[in-house]
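1. Got a predicted model here, sequence first, then my questions.
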Amino acid sequence: MMNRAVKSGPRLVVERDAASSPSPGLERLSSVGTVRRRPILSVDGVTVDFDGFRAINNLTLELDDGELRCIIGPNGAGKTTLMDVITGKTKATEGGVYLAGIDAGRL
């Protein structure tokens, strides 16, 4: 299987070669057979403000099915706030969270 990274606006999209067997969650991008995985979790331009303090500023993150990401940073960097936004405990000031393409704020 051949992967190539393509810069797509503010985020990086990994396109997989059509020679790989298509599976659920893949989208066809063009007639030449290029496919792209739909992210299972997408954090799109999330900003969180607490009374003038900006805990998260325009964060974009995508996770594919089976992918593992680690969020690291010092105290006060916004790690817990990010998890609270993803789980719905805290509402984002701007941006949104999508689970398999569905707006998580509506769930």
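-> Right, received. Where do you want to start? All figures in this text were calculated on a predicted structure; none of them were measured in a lab.

2. any low-confidence regions in the protein?
-> Residue ranges of the chain with pLDDT under 70: 1-37.

3. Would you map out the domains in it?
-> 3-37, 41-106 (automatic domain parsing).

4. What is the end-to-end distance of the last one?
-> Pointing back at domain 41-106 there. Distance across domain 41-106, first residue to last, is 15 Å (C-alpha to C-alpha, to the nearest Å).

5. ok, which stretches of the protein are helices?
-> Here the chain has its helices, by DSSP state H, at 79-87.

6. give the contact list for A104.
-> A104 is in contact with 86, 88, 96-98, counting by C-beta atoms under 8 Å, 6 or more residues apart in numbering. (C-beta placed from N, C-alpha, C; glycine too.)

7. Can you check these and name whichever has the most neighbours?
-> Ranked by the number of neighbours (other C-beta atoms under 10 Å), the contacts of A104 place V97 first, at 21 neighbours.

8. Can you tell me, leaving aside adjacent residues, what's nearest to it?
-> On the basis of C-beta to C-beta, 6 or more residues apart in numbering, the spatially nearest residue to V97 that is not a chain neighbour turns out to be A104, at 4.2 Å.

9. what's the spacing between the one you found and D51?
-> Using C-beta to C-beta, to the nearest Å, we find A104 at a distance of 24 Å from D51.
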